[in-house]
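Asker: I'd like to go over a predicted model; first the sequence, then the structure.
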Amino acid sequence: MKIVERKDRNPMLLAGLVEIWEGSVKATHLFLSDEEILQIKQYVPQALKDVPVLLTAENEDGDITGFMGIADQVLEMLFVSDKCRGKGIGKQLLTYGMENYTVEKLTVNEQNPLAIGFYEHMGFEVYKRTDLDEQGNPYPLLYMKHQR
């Protein structure tokens with residue numbers, strides 16, 4: 001697997017990443033309805049354009065299998081293709097982010113136990129909880145910090 005920093009965020013790349021995002025969210029964010037996913041999906045391309053550091057994981061064929069976004073040592077997004085989950089891609093991406101971009105904090109939906117377990121396994125611990133997400137919706141968030 002190869003990790004690539006994406007400076008040029010062209011429409012084709014963004015469309016592929018949105019597809020990975022949607023498949024991943026449908027598999028892991030079981031608390032969201034299909035309508036809610038469609039609503040959120042509208043904002044994903046802009047979030048991908050705006051995040052300061054965008055990294056993709058590619059297999060040997062050059063296919064993108066996952067991606068993450070980082071801003072100011074904070075993991076803003078980490079999504080792995082639904083077809084590739086459980087193969088260590090998320091771990092490789094996060095480790096790369098921690099080693100090369102000093103990622104030390106992240107936010108995760110409390111209703112996503114698989115992600116929480118993954119981040120705990122990677123050495124992160126909850127330091128704060130909110131009842132609402134950053135848009136004011138009733139999805140509790142956990143703020144996690146890496147314990148070095």
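Answerer: Structure received. All of these numbers come straight from a predicted model, not from anything done at the bench.

Asker: any weak-confidence spans in the protein?
Answerer: Across the chain, nothing is flagged by pLDDT under 70.

Asker: would you list every one of the helices in it?
Answerer: 11-28, 34-41, 44-50, 89-101, 113-121 (DSSP state H).

Asker: so Y143 bridges to which residues?
Answerer: T107, K128 (DSSP bridges).

Asker: Can you pull the phi/psi pair for the residue lying farthest from the centre of the chain?
Answerer: Residue farthest from the centre of the chain, counting by Cα atoms, centre = their mean, is D61 at 22.3 Å. The phi/psi pair for D61 (degrees, to the nearest 10) reads phi -90, psi 0.

Asker: And for N112?
Answerer: Torsion angles, degrees, to the nearest 10, at N112: phi -120, psi 80.

Asker: which ones are touching it?
Answerer: Residues in contact with N112 (Cβ atoms under 8 Å, 6 or more residues apart in numbering) are T28, H29, F31. Heads up, the C-betas are built off the backbone N, CA and C, glycines and all.

Asker: Spatially central residue in the protein, please.
Answerer: By Cα atoms, centre = their mean, the chain has its centre lying nearest to L78, at 1.7 Å.

Asker: I figured it hits T95, correct?
Answerer: No. Counting by Cβ atoms under 8 Å, L78 sits too far from T95 to count as a contact (11.4 Å).

Asker: which one of the helices of the chain lies closest to P138?
Answerer: Ranking those by proximity to P138 (Cβ to Cβ) places helix 34-41 first, at 11.1 Å.

Asker: Specify the angle between that closest one and helix 11-28 in degrees.
Answerer: On the basis of axes from the mean of the first three to the mean of the last three Cα atoms, to 10 degrees, helix 34-41 is oriented at 150 degrees to helix 11-28.
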